[in-house]
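**Q** Next one to model:
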Amino acid sequence: MRKLLFAIVMGLVFQNVIAFESKIADSAVGCRDQAKLEKLLSYARSKDNEAFTKALLLGVSDGSCAMFQAGESVDVTDVKWSGLNQVRRRGDIQEYWVVREVLKR
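**A** Next up, the predicted model:
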């Protein structure tokens, strides 16, 4: 029982160490699912603006993606080597993946 309690406490402490506050530098899109954001990015890289726009509008309308405004405060909750960061709006519980370049410290 002590080991379980210790593991839970350490998990909570470690989780708080990872999270840090940041701001959105420029308007950006974020998606709940990392694969969905990567698909949007692939459309943008291949300059398929029609597919990008359709996927973005669908994602925003069904709630799987969201638009972030410049200056918006977020907590960074996960960081990937691929250049994606998971963020949560201040006061919200939903997390979204964004590209690292849209964040400023």
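
**Q** Excluding covalently adjacent residues, which one is nearest to Leu103?
**A** Spatial nearest neighbour of Leu103, chain neighbours left out: Ser22 (4.6 Å); criterion: C-beta to C-beta, 6 or more residues apart in numbering. Every residue, glycine included, has its C-beta placed from N, CA and C.

**Q** Which secondary structure element is home to the one you found?
**A** Applying DSSP states H and E as the criterion places Ser22 in strand 20-24.

**Q** Just checking: what are the partner strands of that strand?
**A** Strand pairing for strand 20-24, determined by DSSP bridges: strand 73-79 (antiparallel), strand 103-104 (antiparallel).

**Q** of all those strands, which has the lowest average per-residue confidence?
**A** Ranked by mean pLDDT, the strands paired with strand 20-24 bottom out at strand 103-104, with a mean of 90.

**Q** what comes into contact with it?
**A** Contact with strand 103-104 is made by Ser22, Lys23, Ile24, Ala25, Val74, Val76, Asn85, Val87, as judged by C-beta atoms under 8 Å, 6 or more residues apart in numbering.

**Q** what about the last one, helix or strand, and which?
**A** Under the criterion of DSSP H and E, Val87 resides in strand 84-89.

**Q** Give me the angle between whichever strand or helix holds Trp97 and strand 73-79.
**A** Assigned by DSSP H and E, Trp97 belongs to strand 95-99. Per axes from the mean of the first three to the mean of the last three C-alpha atoms, to 10 degrees, the angle that strand 95-99 makes with strand 73-79 is 80 degrees.

**Q** if we can go back for a sec, in CSV, list the contacts of strand 103-104 along with neighbour count and distance to Asp33.
**A** Below are the contacts of strand 103-104 laid out as CSV (neighbours: other C-beta atoms under 10 Å; distance: C-beta to C-beta, whole Å):
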residue, neighbour count, distance to Asp33
Ser22, 19, 21
Lys23, 15, 23
Ile24, 21, 19
Ala25, 15, 23
Val74, 24, 18
Val76, 19, 18
Asn85, 21, 14
Val87, 27, 14
